[in-house]
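Undergrad: just coords:
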């Protein structure tokens, strides 16, 4: 069996196990709102709480790197949940241990409120890229002259009208492998451009939620899963999330698995095109 059939059969097998929730693999950021010390983007909830874009840190964190909060400046808060063990005695006298969510918060200050510290030019923590993944992306977008941008953002998309791709920064992904899975999805979309495989008939991706859109999403996600498999960088988490994503679009197609087989054929052509075969 070829790799396309193997990947497709594995996806169908997982689909048959029941519903799998899809999780967006990257952390949202508000135009680069992040903690100065950890250099990690804040969660979506904290982005909503924070007023400014850019760097934040606690009083002690700013102090540690030589910063001084200006007199009269007011702090903002960031919150996070953690699970805490609680020991309780039941009505029968038994000791029971439960995990309950516990909310904590910290007071933070924006860099505009701080003296003695300059803004970072590289906002996020460095991650170890996967060489084979970067090479595949670079070779393809260079050969096809695609406008490719990796930037602090909340979205990943391919825009046929400008033949351009935007993906979040590697540092926004909890596991770097998920960056490649997401990026491979978008470059698979780009193979449908009228100058390539002409899969996007009008030069535009179909209306969101339509049957045509759903089928194209299946092609892109199977293409991504295949590339991850071919490069040997697939993980249990990336493959499970791929299945969940496909499952969500199959709902539009009335859960008909035959669409996966059809999409797999198109994904094979897309992957071969990306690889220059």
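TA: Looks like it arrived, so ask away. Since this is a predicted model, take the numbers as computed values, not measurements. Numbering: from 1, shown residues only.

Undergrad: list the contacts for the spatially closest residue to residue 77 that is not a sequence neighbour?
TA: Closest residue to residue 77 apart from its sequence neighbours, by C-beta to C-beta, 6 or more residues apart in numbering: residue 105 at 4.8 Å. Where C-beta positions appear, they are placed from N, C-alpha and C, glycine not excepted. Counting by C-beta atoms under 8 Å, 6 or more residues apart in numbering, residue 105 touches 77, 78, 79, 80.

Undergrad: can we see that at 7 Å?
TA: Listed by C-beta atoms under 7 Å, 6 or more residues apart in numbering, the contact partners of residue 105 are 77, 78, 79.

Undergrad: will you turn those into CSV that also has secondary structure and neighbour count?
TA: Shown next, in CSV, are the contacts of residue 105 (DSSP: H, G, I helix; E, B strand; the rest coil; neighbours: other C-beta atoms under 10 Å):
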residue, secondary structure, neighbour count
77, strand, 11
78, strand, 21
79, strand, 13
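
Undergrad: residue 40: which of the residues you listed is nearest?
TA: Minimum distance to residue 40 across the contacts of residue 105 is 11.5 Å, recorded for residue 78 (C-beta to C-beta).

Undergrad: that closest one: what's its closest spatial neighbour, skipping adjacent residues?
TA: In this structure, residue 78 finds its nearest non-sequential neighbour in residue 46, 4.5 Å apart by C-beta to C-beta, 6+ apart.

Undergrad: same for the helix or strand that neighbour falls within, what does it pack against?
TA: Here residue 46 sits within helix 44-49, counting by DSSP states H and E. If you count contacts as 3 or more C-beta pairs under 7 Å, 6 or more residues apart in numbering; DSSP states H and E, helix 44-49 packs onto strand 76-89.

Undergrad: between the next helix or strand after the strand it packs on and strand 76-89, how big is the angle?
TA: Counting by DSSP H and E, the element after strand 76-89 in chain order, helix or strand, is strand 95-110. Angle of strand 95-110 versus strand 76-89, following axes from the mean of the first three to the mean of the last three C-alpha atoms, to 10 degrees, is 170 degrees.

Undergrad: I'd like the average pLDDT over strand 95-110.
TA: Mean pLDDT, computed over strand 95-110, is 85.

Undergrad: can you pull the buried residues of the helix or strand hosting residue 178?
TA: For residue 178, the host element (DSSP H and E) is helix 176-190. Using 16 or more other C-beta atoms under 10 Å as the test for burial, helix 176-190 gives 177-190.

Undergrad: ok, residues contacting it?
TA: Taking C-beta under 7 Å, 6+ apart as the rule, helix 176-190 contacts 25-26, 127-130, 133, 137, 140, 146, 156-158, 165, 167, 170, 173, 219-221, 223-224, 227-228, 233, 235, 238, 242, 267, 270, 274.

Undergrad: filter these down to the buried ones.
TA: 25-26, 130, 133, 137, 140, 146, 156, 158, 165, 167, 170, 173, 219-221, 223-224, 227-228, 233, 238, 242, 267, 270, 274.
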